[in-house]
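**Q** fold the following.
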Amino acid sequence: MRLEYVAREPLRKGMLGTEQLLERVTREIRAGAKDAEIRELARRVVTNTPPQNTTRQIQAVWDYVTRLPYLMDPVELQLIPRAADIPKLGAADCKKYTVLAGALLESIGHPVKVRVIDQRPQLADRSPDFHHVYLRVFNKDRGRWQTFDPVAKSWRNPKANVGTELHHQARRTYMLRRADGGMGAWYDLPAWLDPTRSENTALRSVIGLAPGGSAALVAADAFAQAKKAMAPAKPPAALAKPPPPAAPPTPGSDKKMSTGAKVAIIGGSVAGAALLVTVIVVATRRKKNPRRRRHRKAA
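**A** Numbers count the residues shown, from 1 in each chain. So this is what the prediction gives:
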């Protein structure tokens, strides 16, 4: 049996190697989703699931992919076959799981993203070294992205399922495509530190008080709108009227947030938090020292 490998050479070190690997993985997912052999395989995988039940279809793909046992690549080599050739190998690692599952899901209409993580403790003298890759799939029934990591089941936890995410110290999520054909990296903020969320009004107020905070909020809102525009729309209810056709995306909505905007958001958050702490400390001291007020009144 002769298999066609897209990559069979050592990767570069550090982030350059990560970008090199992800370019090949995402390219194979896109190519596999258009492959007639993969589409026929996906049809057989989901043949017993309701056609409009996204959750059941994603689960069916999970059950099929996780039947392949985990097997690492040879030393210092990264083997990335075509998606259609991976089932013939009889085993897979995180890259092959990602390519196969991504191609199957995209071929039947379920958008995916690719995420890389670093599970080692973060140190101040080094940048993240991403060494594990898996998928995020959009579940239209639930209106949100879900983790799809077969390694969590085949290697770590036999009870793992769709949504199970391994512990990690750093992560980076990549959209599968942009208008220019390249990848786009989304930097995931914790919910409590995301100024674009409606429930974080206090955080927005604090950031707005900091120097440059207003500009940072404008950039963050623009970034959130671009990210929302690229996410698939939630399907309408069965009895609801079909929505009007969506307007064409505005130019530049697929661009990544600039480094300056990210720095401005983080800097504004830190400065706002420091200002809030200072106000609280001063107010506490005044409550503890009522004698100062008396001396001032007497003067």
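
**Q** okay, and the helix or strand of this structure with the least pLDDT?
**A** One helix or strand of the chain scores below all others by mean pLDDT, DSSP states H and E: strand 184-186, with a mean of 43.

**Q** flag every buried residue along the helix or strand following it.
**A** The element immediately downstream of strand 184-186 (helix or strand, assigned by DSSP states H and E) is helix 201-209. Within helix 201-209, the residues that count as buried by 16 or more other CB atoms under 10 Å are 203-204, 206-207. All C-beta spots, glycine's among them, are computed from the backbone N, C-alpha and C.

**Q** show me what helix 201-209 is packed against.
**A** helix 213-230, helix 259-288 (3 or more CB pairs under 8 Å, 6 or more residues apart in numbering; DSSP states H and E).

**Q** do a quick rundown of the helices in the protein.
**A** 14-33, 36-45, 54-65, 86-89, 94-107, 151, 201-209, 213-230, 259-288, 290-298 (DSSP state H).

**Q** which of these has the lowest mean pLDDT?
**A** Mean pLDDT values for the helices of the chain show the minimum at helix 290-298, a mean of 51.

**Q** the closest residue to Ile86 other than its chain neighbours and Lys88, how far apart?
**A** Spatial nearest neighbour of Ile86, excluding adjacent residues (CB to CB, 6 or more residues apart in numbering): Leu100 at 4.4 Å. Distance, Leu100 to Lys88, using CB to CB, to the nearest Å: 11 Å.

**Q** so which of the two has more stuff around it?
**A** Neighbour totals were compared for Leu100 and Lys88, and Leu100 leads with 29 against 10 (other CB atoms under 10 Å).

**Q** which residues does the more buried one contact?
**A** Counting by CB atoms under 8 Å, 6 or more residues apart in numbering, Leu100 touches 32, 65, 68, 83, 86-87, 92.
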